[in-house]
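Asks: fold the following for me, if possible:
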Amino acid sequence: MATDENASGIPAFATDPVGVARRRWRPALAAFVLGVAGAAAVAWQVPVTYSASATLLMTEQQIPEDYVQTTVGVDPTQRVDALVGEIVSRERLTPLIEKHNLYPDLREESTMADLVALARANAAVEPVSDVRGPRQPRGPAASVYTVSFSDNDPQIAALMANDLATLFVAAASRLRGQQAAAAADFMRAELERSDRDLREQERLLAEFKEKYRGELPTELTSNNSKLERLALQRQTLVTQLGPAEARLGDLESLGDLENPSSPYSRLSALRAKLMSELAANTEEHPNVIALRRQIESLEADLSNGAVTSEDPAEEAALRTARKEVADIKAQLARIDGETFALEQRVGRTPQREEEMAALTQKVTVLQDTYVENLRKLQSAELSRSVESAQQGARVEVIDRAVAPSEPERTRLTYLLAGIAASLAGALGIAILLELIDPVIVSAAQIEEELALPVLGSVGRVG
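Replies: Alright, predicted model coming up:
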């Protein structure tokens, strides 16, 4: 039969707690007695534990970061988590277990890993509060933590708490020192790498300047000045060449008139004949080719002295005039060559300017990187010096643990908790029985069950 509810939605038996007690007292009492007996047995068997705590003070860097920028992570939560992880590691707890002979009753049946896990469960690091001066809102913050340990022996609990606190302080100092040293070493490696890159880029820039000397943008003004000087020199030589060639022509013509059989006369005749042939034929005509060979051969003979004029004075004058013309032409050829080379260099200067600008920009970037890495290395070295001098963030024990005089939880605590649980269990049994085997306790239930109206009721008799 389902449990009936009144108009307010409350089960009917809840309106008659006295009746429930009268009907269900026997099973409820049995459940309560059994619960109390079990709680007493458990309380008697559970060992009494003592908890000892040491207090730690964690302060931030004492020197303002405006003067010394720290290279150590400053997130307190992450730092504390890392330190806790280190002090409760197997490497740290195993020597303490051996030192204080923890859990002697479990040594034979448990491994060291089990003992370490038990010691780790009995150790705790908890924050207490953040300490900051009310008049110094920008000053270094300080955090207070407690390192506690629980054990059956109060002396052992205090010794373990103090040892764990000592390990916490040492680990904090070592961890910050290691982080500062690692940051300095990293920046030193970065500085060496940037120095190598900078030297290599400077070498490439120097090789570029050496390879393209004369085509660099810094030499453009000098090259243009040289071109102007060469142009003036060429103009002067061209001016000198005209009179020199005229004198030479006059001497040769004079020799032709005075001695028609002289080499110069023959050379003039050959040249005149060549002009006639060229007027009628092309350069590939056999007559033109033959005449040119004869003229070249006769000119070569006249130049090297194989054929001379019969008049020594005439020959000397011709030789002097010819040498003057040849010297002027040689100088013109040299100037033309230099001019051509300079014009080629000037033409390639824009391209070299772009290439040199790219190399120079890389050198500038690497120089900036080197300077920045040097600054960071100096900051990292200074930060490491601060950590070595114990002027950075510090952790210190401000209150050592003492052996507690009272246990963390007594047997009476366990017994009272068991009694409370037994009372709750007895009440639960009574309610469960009412739900399983409900009893009619109101006129409304009678009307609902029998579908008949209730004409009246009388109070409980006896």
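Asks: mind checking the SS state of A124?
Replies: When classified by DSSP: H, G, I helix; E, B strand; the rest coil, A124 comes out as strand.
Asks: which parts of the chain belong to which domain?
Replies: 12-46+409-450, 51-187+391-399, 217-371 (automatic domain parsing).
Asks: now do the residue nearest to V346 when sequence neighbours are not counted: how many residues are near it, please.
Replies: The spatially closest residue to V346, leaving aside those adjacent along the chain, is N223, at 5.2 Å (C-beta to C-beta, 6 or more residues apart in numbering). Just so you know, the C-beta spots here come from the backbone N, C-alpha and C atoms, and that holds for glycine as well. Number of residues near N223 (other C-beta atoms under 10 Å) recorded here: 18.
Asks: quick one: N223 from R23, how far?
Replies: Using C-beta to C-beta, to the nearest Å, one obtains 121 Å as the distance from N223 to R23.
Asks: put the alpha carbons of stretch 217-232 into CSV.
Replies: This file holds the C-alpha atoms of stretch 217-232, laid out as CSV (Å, rounded to 0.1, in the frame of the first residue of the first chain):
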residue,chain,number,x,y,z
PRO,A,217,76.9,53.5,-53.9
THR,A,218,79.4,55.2,-51.7
GLU,A,219,81.7,55.4,-54.8
LEU,A,220,79.1,56.8,-57.1
THR,A,221,80.2,60.4,-56.7
SER,A,222,83.8,59.5,-57.2
ASN,A,223,83.0,57.5,-60.3
ASN,A,224,81.0,60.4,-61.8
SER,A,225,83.9,62.8,-61.1
LYS,A,226,86.3,60.4,-62.9
LEU,A,227,84.0,60.2,-65.8
GLU,A,228,84.0,64.0,-66.1
ARG,A,229,87.8,64.1,-65.9
LEU,A,230,88.1,61.4,-68.6
ALA,A,231,85.7,63.2,-70.8
LEU,A,232,87.8,66.4,-70.5
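Asks: now for whichever helix in the chain runs longest, which elements pack on it?
Replies: Ordering each helix of the chain by length in residues (DSSP state H) puts helix 312-388 first. Contact here means 3 or more C-beta pairs under 8 Å, 6 or more residues apart in numbering; DSSP states H and E; on that basis helix 312-388 packs against helix 154-211, helix 220-258.
Asks: what angle do that helix and helix 154-211 make?
Replies: Inter-element angle recorded for helix 312-388 and helix 154-211: 170 degrees (by axes from the mean of the first three to the mean of the last three C-alpha atoms, to 10 degrees).
Asks: just to check, the residue nearest to V346 is in contact with Q344?
Replies: No - with contacts counted by C-beta atoms under 8 Å, N223 stays clear of Q344, the gap being 10.3 Å.
Asks: L56 is in contact with S148, isn't it?
Replies: No - taking C-beta under 8 Å as the definition, L56 is not a contact partner of S148, at 11.1 Å.
Asks: so for the two, which sits in the more crowded spot?
Replies: Comparing L56 with S148 by other C-beta under 10 Å, the one with more neighbours is L56, at 25 against 21.
Asks: quick one: secondary structure of S51?
Replies: S51, by the three-state scheme (three-state DSSP), is strand.
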